[in-house]
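Chemist: Provided below for reference: sequence and predicted model.
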Amino acid sequence: LLAKQFKYNTYKLPNSVKYSTISNETTDKWQRIKPPKNIYDLQSPLVSPKHVASPKACCIIGAPMTLGQPLLGTDYIEFYVGNAKQAAYYYKSAFGFQSYAYKGLETGSKELTSYVLKQDKIRIVLTTPLNSKSKINDHIVKHGDGVKIIALWVEDAKKSWEETTSRGAKSFMKPTVEKDKYGEVVRSGIYTYGETVHIFVERKNYKGAFLPGFQKWESPYESDPVGLKYIDHMVGNVGWNEMNTWVKFYEDVMGFVNFLSFDDKQINTEYSALMSKVMSNGNGRIKFPINEPAEGKKKSQIEEYLDFYEGPGVQHIAVATDDIITTVSKLRSRGIEFLSTPPDEYYKAVPFRLEEHNHQLKEDIEILKGLGILIDADEEGYLLQIFTKPLQDRPTLFFEIIQRVGARGFGAGNFKALFESIEREQAKRGTL
């Protein structure tokens, strides 16, 4: 459905609609249906395939149910790591996170230690086991340092668990009430791809710093923030031919919609390819692109991830900033390594790409080029993005820094330049 043909927010669609992309193969330009602000109130007739403007376009209709309540946002992301104390120092020193909360032997925790770091609306938890019998050890031995928990902020954690498990989700944690002098938190959880977990967090009756069992963490060392604001999206890598399985999981179990899709014709280089579908909840606060490998001449970045992580998992976390030039400059000065800068031809083409969408770049393109920042545009604006190298020895998890200037996409125009840069790193590692 072309945006020009159907004005946004004038057609009301039922909960069964799954938003997808359409492609005009003659221009190789992608457009998408804009997700509504709130799918929980949507009703009225379906948009049928006869409304599609081009025979090359598609309108995909599924039948997801909502959770009966909105997801309010990302509550926290928990990493299982080999040494949480050292990892906390790294994320504070390099990324500008601040000390926030702590749980360990001093608070009565005999099995694990957790450090909670915060920057604006982002909370990350770094957890390490305190003995060899902990199951956390098994996770670290198999996967290395990585994301275990994507915690989602909800109004009712019990209802979220009941709804998702009734639709087929495997339970990770039954609804549990945790209390201390600051009130109570209700948490529950389900498994998603691989060993990754979604925890539902209900904290409306809690006034403490983080969760019961934690104490406020006051550290003599803090570094200045670098301008990271919130989690924009989190990307999961799954195995061969598993993407659609997990797309269906997020539709049927979580009530998400697929509002953007890319196949191996859009995401490819001379050597490798992948496919991706972006899942989003109704209010657009939670976005989970899901990638799977595709056939190519050599090993793709997805295959490399799956080999070294030894299974599906979170590939990267995209964090938003309002000033990517300042943020990236600070990160580089603190030793964060980014993927290599695209060639001059890439930056020479940027003004023309923006003109196609009637946008004008506000930033100095020479500064962006000097920092290696990528630029892409869609009908609503443009975005600036850059990707770190892996943040641990295994070539698995990395960060994306993104600044949106109206754009709602994910940098489709940058895919080729980005993946060629990743392939250069793979070649150095001997894993291409």
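Modeler: Yes, it's here. Numbering: from 1, shown residues only.

Chemist: per-residue pLDDT, F410?
Modeler: Note on F410: pLDDT of 72.

Chemist: residues contacting it?
Modeler: By CB atoms under 8 Å, 6 or more residues apart in numbering, F410 lies in contact with 233, 260, 278, 289. To be clear about C-beta, it is placed using only N, CA and C from the backbone, and glycine gets the same treatment.

Chemist: Now do the end-to-end distance for stretch 190-200.
Modeler: Chord length of stretch 190-200, first to last residue, is 8 Å (CA to CA, to the nearest Å).

Chemist: list the buried ones in it?
Modeler: 190, 192-200 (16 or more other CB atoms under 10 Å).

Chemist: Quick check: of the contacts of F410, which lies closest to Y100?
Modeler: Using CB to CB, H233 comes nearest to Y100 of those, at 22.6 Å.

Chemist: State the three-state secondary structure for that closest one.
Modeler: strand (DSSP: H, G, I helix; E, B strand; the rest coil).

Chemist: what's the spacing between it and K170?
Modeler: Noted for H233: a distance of 24 Å to K170, by CB to CB, to the nearest Å.

Chemist: neighbour count winner among those two?
Modeler: Higher neighbour count among H233 and K170: H233, with 20 against 12, using other CB atoms under 10 Å.

Chemist: For the more buried one, give the beta-bridge partners.
Modeler: A318 (DSSP bridges).

Chemist: isn't it right up against G284?
Modeler: No: H233 lies out of contact with G284 (CB atoms under 8 Å); the separation is 10.3 Å.

Chemist: how about the helices of the chain, start to end?
Modeler: Applying DSSP state H to the chain gives helices spanning 84-95, 135-143, 157-166, 243-252, 301-309, 324-333, 344-355, 365-371, 415-429.

Chemist: Can you tell me which of the ones you listed is packed in deepest?
Modeler: Comparing the helices of the chain by mean neighbour count (mean count of other CB atoms under 10 Å), helix 301-309 ranks first with a mean of 22.

Chemist: now the helices of the chain in CSV, with distance to Y221 and mean pLDDT?
Modeler: As requested, the helices of the chain are exported to CSV (distance: least, CB to CB, whole Å; pLDDT from 0 to 100):
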stretch, distance to Y221, mean pLDDT
helix 84-95, 7, 98
helix 135-143, 25, 97
helix 157-166, 34, 96
helix 243-252, 40, 95
helix 301-309, 31, 92
helix 324-333, 17, 98
helix 344-355, 39, 86
helix 365-371, 27, 95
helix 415-429, 32, 70
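
Chemist: Distance to G381 added to the ones you listed, as TSV?
Modeler: Formatted as TSV, the helices of the chain follow (distance: least, CB to CB, whole Å):
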stretch	distance to G381
helix 84-95	26
helix 135-143	37
helix 157-166	33
helix 243-252	26
helix 301-309	27
helix 324-333	14
helix 344-355	10
helix 365-371	16
helix 415-429	18
